[in-house]
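Q: with the sequence up front, the predicted model follows.
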Amino acid sequence: MRTGKGFARKKHRHKAASAVAPQDDVYRAGFACFVGRPNAGKSTLTNAIVGQKIAITSNKPQTTRHVIRGILHRPDAQLVLVDTPGLHRPRTLLGERLNDLVREVWSEVDVIGVCFPADEPIGRGDRFISSEVSALKAKVIAVVTKVDLVDPQTLAQRLLAVAELYDFAEIIPVSAVSGHQVENLTDAMIRHMPESPQLYPDDVLTDEPEQVLIGELIREAALEGVRDELPHSIAVLVEEMLVEGNLTRIFADIYVERDSQKSIVIGSRGTRLKEVGTKARAEIEQLLGRRIYLDLHVRVAKEWQRDPKQLRKLGF
Ligand SMILES: Nc1nc2c(ncn2[C@@H]2O[C@H](COP(=O)(O)OP(=O)(O)OP(=O)(O)O)[C@@H](O)[C@H]2O)c(=O)[nH]1
């Protein structure tokens, strides 16, 4: 996990700003993240803003593990999005590390978007998160997500309830699925960014190593349609990538904690693992823009979530 180095502000002189003069002639750049209860729509929103599938979405809570940044480049600004796992009650060493990581990320960003799903009432988790972020230096924007799922009355109620929670810099309703208001949200986040030179070169979309992104895509495919308790028990390690002409061979291990989980992931006569491979391969080919051959192995690493050595090996 790329936490140690923090968000080093690698400065890159920007060329574009003078060509397309923004209204106030100021170039802004900085870091932002979305927080919110599990399933609030944070990853989907990150993808909608950056326009490329880099964060992992799932309809199961707590599947976002790695801090993955997507970078939005505009003539007048650069928005670096950081994707964090949710804060939760730590039950394992992994849980504790995740919480430390979340706080570390929160303290380093310029803008935090707190996400409240429009289709669910405000709950204790939302209050907890709002009070946690209020102590930070970052500007805090409330984002009411998934507005395509509710009628206007429900949305109005939700907006009022959010306004009562905390004195947010802005409250913006969006739908990452329909795209409604996503651009307005982006504008608002950029408005609250500091004046700054460009932080990353124009062609960089994320600074996660390819291997981590690939591992996440495999993990996402492996999680699809399996029992609820499994998300916490799967980790993926990309062992090797070999480029042979225009084919890239990728060898990856899917780690589970128990033999019983291994058979779930593999499925009867390997059918499930084959599906996982097909799905992941299509996603990885899209990401890399190259043809790939994917070799997957399922391995049991007993209690990997509690073992510091195993955690380190798996990137936590
Ligand atoms: N209808 C609708 N569904 C959405 C929208 N945004 C997200 N979803 C769905 O809500 C579910 C959760 O979305 P994620 O983006 O994975 O949520 P998250 O907050 O990153 O979840 P965690 O990783 O658990 O913290 C997925 O099934 C998404 O497809 C939206 O704008 N409209």
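A: Nice, I can see it.
Q: quick one, strands of this protein?
A: Along the chain, counting by DSSP state E, strands occupy 28-36, 68-74, 77-83, 111-117, 139-145, 170-173, 235-244, 247-256, 291-300.
Q: go through those and pick out the most buried.
A: Highest mean neighbour count of the strands of the chain: strand 111-117, a mean of 26 (counted as mean count of other C-beta atoms under 10 Å). Using the backbone N, CA and C atoms, a C-beta is placed for each residue, glycine as well.
Q: kindly list the longest helix within the chain.
A: Taking DSSP state H as the assignment, the helix of the chain that covers the most residues is helix 271-288.
Q: list the buried residues of that one.
A: Counting neighbours by 16 or more other C-beta atoms under 10 Å, one finds that the buried residues in helix 271-288 are 272-273, 276-277, 279-281, 283-284, 287.
Q: okay, residue 117: pLDDT?
A: Confidence at residue 117, expressed as pLDDT, is 96.
Q: ignore the last one, residue 130
A: The confidence metric pLDDT takes the value 85 at residue 130.
Q: relative to residue 238, how far out is it?
A: Noted for residue 130: a distance of 37 Å to residue 238, by C-beta to C-beta, to the nearest Å.
Q: same deal with residue 152?
A: For residue 152, the distance to residue 238 (C-beta to C-beta) stands at 46 Å.
Q: got it, and residue 215?
A: Using C-beta to C-beta, residue 215 is found at 5 Å from residue 238.
Q: overlap in contacts of the two?
A: When C-beta atoms under 8 Å, 6 or more residues apart in numbering defines a contact, the residues bordering residue 215 and residue 238 alike are residue 252.
Q: give the burial count for residue 130, as a bare number.
A: Applying the criterion other C-beta atoms under 10 Å, we find 20 residues in the vicinity of residue 130.
Q: now do the same contact list for it.
A: Taking C-beta under 8 Å, 6+ apart, we find residue 130 in contact with 114, 165-166.
Q: mind running it again at 6 Å?
A: Residues touching residue 130, when contacts are defined by C-beta atoms under 6 Å, 6 or more residues apart in numbering, comprise 165-166.
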